[in-house]
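In: What would the 3D arrangement of this be:
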Amino acid sequence: MDLKRKVALLAFWSLLLPTGANAYFSQNDQGEEVFSFLSTFDSPRNAALEKAASALPSTDPTIVQLNPAALRLPEGTKRIAEIHWQTGDMAENQGSISYTSSYKWFLYQISYNWLDYGSLTGYDEYGNETGKDYNPLSQMATATVSFPMKHIHVGVTAKLASEHLADDATDRTAWGAAFDWGISWQSSSKIFGLAVIARDFGCLLRDYVDDGEEAFYPMSQTFGIAGYYRPVIAPRLTLMAESDFPRYAEPKLNLAGEYALGQSFYIRAGFTRAWLDITRDMKQLISADSRPDEAQTARMLSAGLGYNSKLFSLDYAFSYLAQGLGFEHRIGLRVGL
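Out: Numbering: from 1, shown residues only. From the prediction side, this is the model:
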């Protein structure tokens, strides 16, 4: 067995074993997951497509946030430097910086990501202001290795993250580590493809409170299945779908489309909805009865534009957060070197 086949087999079992464990779909410890910010560092393209693009190989370096196996370098480009930034009602200052290159027959990437919530007013357990302001800060560093082959592609990402919430006497910076895995398959015609992904399998290394005890809370541990399709009658259109199964939250469906205007310009749109809410919507349409509250309070609609050239790429995304949570703007730039 050659080295590439061994890597593919190892990646397959790395995906199968954690997600196939009996405890994976257990809800006994629901609500104990931490570091939910790990899944918020979306590039403008990923955000506009509502994280549905995991199965589609991409030269956007931040595709590794969805699937490390989907990473590609543009033809004739040896390395890519990328930065993107966002602001909105959920975060005052958030962004990512990454560097991507290749070595022999594999690709690699390193990145730094930050999330600054701005100044937040402190409240006690009774809802009264304490007179103190806090400046929470979340950070994440990643290292990715991707192995592109003829039809099968595999990849893995290691993450080291920290979060500082408050400056009270017993508070401290929490640290955690996690891994992502991905396996992608693409048809010879490149008209369609599939992917299997596992994200944020990890736990805290140090918790938030210095009380002499450590609580190793888990992270989201999300398992996903994704696909894409380019209709023969509309070859400039790419349709994408992904179903995510977080261990501690309701499964959700992500749908998106990307249309190429010529060789350089792109129009994108995406939609996210919890499967439970989709089921409730269908029952309501049939019975016309009132329905329970939303299971997913932050479902989103997103849209975006992109420009891609040999020298640089520029992307923009606008996301509407439902249930009165506001909106987000993202802008990104990447340069081929």
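In: Ser175 bridge partners, please.
Out: To be clear, residue 175 is Trp; Ser isn't right here. Ser162, Arg206 (DSSP bridges).
In: hmm, who's touching the helix or strand Phe245 falls within?
Out: Under the criterion of DSSP states H and E, Phe245 resides in strand 237-246. In this structure, residues lying in contact with strand 237-246 by CB atoms under 8 Å, 6 or more residues apart in numbering are 25, 49, 51-56, 220-231, 251-260, 275. For glycine as for every other residue, the C-beta is placed from the backbone atoms N, C-alpha and C.
In: What's the ChimeraX syntax to select whichever of those are buried?
Out: Filtering the contacts of strand 237-246 down to the buried ones (16 or more other CB atoms under 10 Å) takes a single ChimeraX command:
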select :49,51,52,53,54,55,56,220,221,222,223,224,226,227,228,229,230,251,252,253,254,255,256,257,258,275
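In: that older thread, next secondary structure element downstream of the strand holding Phe245?
Out: Following strand 237-246 in sequence, per DSSP H and E, is strand 252-261.
In: what's the burial count for the closest residue to Asp133 other than its chain neighbours?
Out: Counting by CB to CB, 6 or more residues apart in numbering, Ser119 is the residue found nearest to Asp133 once chain neighbours are left out, at 5.0 Å. Ser119 has 10 neighbours, counted by other CB atoms under 10 Å.
In: Compute the distance between Ser119 and Val64, please.
Out: Separation of Ser119 from Val64 (CB to CB, to the nearest Å) stands at 32 Å.
In: just Ala249 next, same as before
Out: Distance of Ala249 to Val64, given as CB to CB: 22 Å.
In: The two: who's more crowded?
Out: Val64 (27 against 18).
In: Show me the beta-bridge partners of the closest residue in space to that one that isn't next to it in sequence.
Out: In space, and not counting its chain neighbours, Val64 is closest to Thr144: 4.6 Å by CB to CB, 6+ apart. Beta bridges link Thr144 to Gln109, Thr157, judged by DSSP bridges.
In: Thr144 contacts Lys159, doesn't it?
Out: No - if you go by CB atoms under 8 Å, Thr144 and Lys159 don't touch, sitting 9.5 Å apart.
In: helix or strand right after the helix or strand bottoming out on mean pLDDT in the chain?
Out: Here the helix or strand of the chain ranked lowest by mean pLDDT, DSSP states H and E is helix 3-20, holding a mean of 48. Using DSSP H and E, the helix or strand that follows helix 3-20 in sequence is helix 44-48.
In: Just list what that following helix packs against, helices and strands only.
Out: strand 79-88, strand 265-274, strand 300-308, strand 312-321, strand 326-336 (3 or more CB pairs under 8 Å, 6 or more residues apart in numbering; DSSP states H and E).
In: so where's the protein shaky on pLDDT?
Out: 1-32, 88-92, 121-131, 169-170, 212, 288-299, 323-324, 337 (pLDDT under 70).
In: Now with 80, please.
Out: 1-33, 76, 86-92, 117-134, 166-171, 209-215, 281-300, 310, 321-326, 336-337 (pLDDT under 80).
In: Take the helix or strand harbouring Gln94, keep the C-alpha atoms, and write them as CSV.
Out: Per DSSP H and E, Gln94 falls inside strand 93-103. Taking C-alpha atoms only, strand 93-103 is exported to CSV below (Å, rounded to 0.1, in the frame of the first residue of the first chain):
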residue,chain,number,x,y,z
ASN,A,93,-13.9,43.4,15.6
GLN,A,94,-13.3,39.9,14.2
GLY,A,95,-10.8,38.6,11.6
SER,A,96,-8.3,36.1,10.4
ILE,A,97,-4.9,36.1,8.8
SER,A,98,-3.5,33.0,7.0
TYR,A,99,-0.6,31.8,4.9
THR,A,100,-0.9,28.8,2.6
SER,A,101,1.7,27.0,0.5
SER,A,102,2.8,23.5,-0.7
TYR,A,103,5.5,21.1,0.0
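In: Now do it against strand 326-336, angle only.
Out: Relative orientation of strand 93-103 versus strand 326-336 (axes from the mean of the first three to the mean of the last three CA atoms, to 10 degrees): 30 degrees.
In: Please identify the pairing partners of strand 93-103 and their relative orientation?
Out: For strand 93-103, pairing defined by DSSP bridges yields strand 79-88 (antiparallel), strand 106-116 (antiparallel).
In: could the ones you listed go into CSV alongside mean neighbour count?
Out: CSV is the format used below for the strands paired with strand 93-103 (neighbours: other CB atoms under 10 Å):
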stretch, mean neighbour count
strand 79-88, 19
strand 106-116, 18
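In: ok, back up a step: next, find the distance separating the residue nearest to Val64 from Phe201.
Out: Thr144 is 15 Å from Phe201, by CB to CB.
In: Likewise for Ser111?
Out: 18 Å.
In: again, but for Val145
Out: Here Val145 is placed at a distance of 16 Å from Phe201 (CB to CB).
In: Looking only at neighbour counts, state which of those two leads.
Out: Comparing Val145 with Phe201 by other CB under 10 Å, the one with more neighbours is Phe201, at 23 against 18.
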